[in-house]
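*Asks:* Need a 3D model of the sequence below.
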Amino acid sequence: MSNPGQTPSASTDRAGSAYWNAQETNKVLRSAFEPGPNTVRNFGRRTLDAFLTRHLEAFPSSSRLIELGCGGSTMLPYFHKKFGFEVAGLDYSEQGCELAGQICRQNACSAQIVCADLFSAPAEMRLAFDVVVSFGLAEHFADTAGCIRAFSSYLRNNGLMITTVPNMAGLVGKLQKFADRHVFDTHLVLGAPDLCAAHREAGLTVLECDYLSFMNFGVVNPGSAPVAKRLLLTASRGLTGVCWAVESMVGSLRANSLTSPYAYCVARKN
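*Replies:* Got it, this is the predicted structure:
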């Protein structure tokens, strides 16, 4: 195990533990993720739930899943309760790991939370999982293919990897750069084609690679944005609400490289 707070051994890490320890997700106890009832307010959550269910419902409940970059995660109880998976998480932020463990305990979810460098984690975690997921992690490393290759070392043969990153190449990225340039600069600008290429270069078989959801400006991190900029971000979130109301009536609009909040890749280890 690495020393708590140690930066990953890949020198291409753009963020570092100090950045993550300062994030609200690693400081504030949040409720576990749930899709919730079919209302406009829950539209984004239900979209993510439908996406994950489509790819994971065929896995037996005895499957093992690990979330890489699990600091402050609200997702582990969801994977355990909905799919019956045995869950684990790994992060180099000691503060984030403690918070993720607390969220799991409050939701009766037994999870193995390990505070370690993902490039040099305990040997028993290698080739030990049927599913590897990450939400907004791969884009913080300049060597995307090398990062994905490290992710895949946790997968058993024929295991599934689900990688999502914020769509910094689209409007979300432009808003993030406007709100807080430092936060933007911790990200590598990746679109779906970039993710696809990185997974293939890492030796994985890409099953699906695209954008997720039509719009959600709520993913923009306000960081240290002044009041005037925060007002604009609030307005953009209001636009998201209007969009979700329309989608609730007419059906989901097509995800795309401009307005979608996330890019994703689903790949299998041969």
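*Asks:* What ranges does the stretch 101-250 of the chain have for its helices?
*Replies:* 144-152, 171-179, 181-185, 192-201, 227-250 (DSSP state H, counting those that start in this stretch).
*Asks:* Endpoint to endpoint, stretch 244-259 covers what distance?
*Replies:* 13 Å (CA to CA, to the nearest Å).
*Asks:* got the helices of the stretch 101-250 of the chain as a markdown table, with mean neighbour count, distance to Asn158 and mean pLDDT columns?
*Replies:* C-beta coordinates here come from the backbone N, C-alpha and C atoms, glycine included. A markdown table is the format used below for the helices of the stretch 101-250 of the chain (neighbours: other CB atoms under 10 Å; distance: least, CB to CB, whole Å; pLDDT from 0 to 100):
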| stretch | mean neighbour count | distance to Asn158 | mean pLDDT |
| --- | --- | --- | --- |
| helix 144-152 | 21 | 12 | 95 |
| helix 171-179 | 19 | 33 | 96 |
| helix 181-185 | 14 | 37 | 93 |
| helix 192-201 | 19 | 15 | 98 |
| helix 227-250 | 14 | 35 | 95 |
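*Asks:* closest one to Pro37 among the ones you listed?
*Replies:* Ranking the helices of the stretch 101-250 of the chain by distance to Pro37, with CB to CB as the measure, places helix 227-250 first at 11.9 Å.
*Asks:* quick one on the thing from earlier: dump the helices of the stretch 101-250 of the chain into CSV; add distance to Phe43 as well.
*Replies:* Putting these into CSV (distance: least, CB to CB, whole Å) gives the following:
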stretch, distance to Phe43
helix 144-152, 29
helix 171-179, 17
helix 181-185, 25
helix 192-201, 22
helix 227-250, 4
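*Asks:* Quick check: which of those helices is nearest to Val220?
*Replies:* Here helix 171-179 is closest among the helices of the stretch 101-250 of the chain (CB to CB), at 4.8 Å.
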